[in-house]
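*Asks:* Structural data only, the sequence is not supplied:
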């Protein structure tokens with residue numbers, strides 16, 4: 001491997017992804033590896049893009065949002081548009097995640113209450129069964 005390019009196997013090892021994942025991102029026009037015969041060679045730019053793709057997915061961005069943000073890199077304004085749009089999408093996603101957390105906390109609390117009720121019922125039924133014996 002040179003510092004400039006990585007093979008698909010090296011990318012998989014470095015980023016803990018599968019070859020299928022890399023081919024999928026390539027088909028979605030998120031990555032643009034160089035082709036040498038049948039070999040795909042990923043550049044520093046591809047590596048940077050993959051880091052951003054994986055981070056965006058972790059935060060719940062859609063692949064289309066990620067693709068659009070990556071395409072803003074070459075906008076010619078020192079990444080102002082790209083960073084501004086990323087912050088806008090991140091704010092929306094953060095609000096969604098915070099709402100999901102509220103809903104999840106409520107569901108967890110309700111499930112705990114239901115489990116306590118169930119445990120009390122089991123204890124009561126066991127006590128009734130022993131008393132009847």
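*Replies:* Received the coordinates, thanks. Keep in mind it's a predicted model, so treat the numbers as computed, not measured.
*Asks:* Could you report the pLDDT at residue 126?
*Replies:* Note for residue 126: predicted pLDDT of 89.
*Asks:* elements contacting the helix or strand harbouring it?
*Replies:* Using DSSP states H and E, residue 126 falls within helix 80-132. For helix 80-132, the packing partners by 3 or more C-beta pairs under 8 Å, 6 or more residues apart in numbering; DSSP states H and E come out as helix 63-71. No exception for glycine: its C-beta is placed from N, CA and C like everyone else's.
*Asks:* ok, and for the helix it packs on, which residues are buried?
*Replies:* 65, 66, 67, 69, 70 (16 or more other C-beta atoms under 10 Å).
*Asks:* swap in stretch 80-88?
*Replies:* Neighbour counts over stretch 80-88 (16+ other C-beta under 10 Å) mark 82, 86 as buried.
*Asks:* go on, stretch 91-109?
*Replies:* residue 93.
*Asks:* Now find how far off-centre it is within its chain.
*Replies:* With C-alpha atoms, centre = their mean, to the nearest Å as the basis, stretch 91-109 stands 16 Å off its chain's centre.
*Asks:* again with stretch 86-98
*Replies:* With C-alpha atoms, centre = their mean, you get 14 Å for stretch 86-98.
*Asks:* what's it in contact with?
*Replies:* 59, 60, 61, 65, 69 (C-beta atoms under 8 Å, 6 or more residues apart in numbering).
*Asks:* now swap in stretch 42-58 and tell me
*Replies:* Residues external to stretch 42-58 that are found in contact with it (C-beta under 8 Å, 6+ apart): 3-8, 10-11, 14-15, 17, 22, 25, 30-34, 63, 65-66, 69-70.
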